[in-house]
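> my questions concern the predicted model and sequence given below.
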Amino acid sequence: MYLALGFAAALVAFLLYVASRPSEFSISRTLAIRATSAELFSRVNDFHRWADWSPYDKRDPSLQRTFEGAAAGKGAIYRWVGNKDVGEGSMALRESVPASRIEIELAFLKPFPGNNQVVFTFEPSGEETRVTWAMTGRYAFVPKLVGVFLNMDQMIGKDFEAGLASLRDVATRRS
């Protein structure tokens, strides 16, 4: 009896701890790339070009993609359905400031529903451009629970680092 009560109390304490964790998150990574801000901006501003560098597109060779709205820039929409590694969702490009800033509304449907804001910034610095890939959003209870066991900043941050490195490789590849 005492064992069951002790377990129930520990479970309640753990769930209260999970509920008390921060509800908002922010993840970002930056990489200096030896390319112009205009060149890098054009690769991110056009969802049709994401397959060349996005780490998520590379995880599912049979990823189903659809494009709607503008061909590139503000109003462009990208929807995907993929395997368990990439899930299902959409991105809508909400702001496009040439060679400077891109804002994207990211909506996940699977494996967990969620809505996040993604911002890319491009800052020229000599012969390089500092590209920052950032994402902000809110955690529901289940992602908070997962976050107790997995460091989401490190997990998603690795994807951002890989994507920025791939963007660098594509942009600096010599023909």
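Yep, that arrived.
> any idea what the residue most central in space within the chain is bridged to?
Against the mean C-alpha coordinate of the chain, by CA atoms, centre = their mean, the closest residue is residue 135 at 5.9 Å. As for beta bridges, residue 135 partners with residue 27, residue 118 under DSSP bridges.
> now do the contacts for it.
26-28, 106, 116-119, 156, 160 (CB atoms under 8 Å, 6 or more residues apart in numbering). In short, each C-beta sits where N, CA and C put it, glycine included.
> distance-wise, check it relative to residue 61.
24 Å (CB to CB, to the nearest Å).
> quick one on the thing from earlier: ok, now how distant is the residue nearest to the centre of the chain from residue 119?
8 Å.
> and if you look at residue 57?
19 Å.
> swap in residue 48?
20 Å.
> give the residue from the two that has the larger number of neighbours.
residue 119 (16 against 12; other CB atoms under 10 Å).
> can I assume the more buried one is in contact with residue 102?
Yes. At 7.1 Å, residue 119 and residue 102 qualify as touching, with contact defined as CB atoms under 8 Å.
> element containing the nearest residue to residue 164 once chain neighbours are set aside, please.
Among residues not flanking residue 164 along the chain, residue 31 sits closest, at 4.0 Å (CB to CB, 6 or more residues apart in numbering). Using DSSP states H and E, residue 31 sits in strand 24-33.
> could you give the mean pLDDT of that strand?
What strand 24-33 shows for mean pLDDT is 93.
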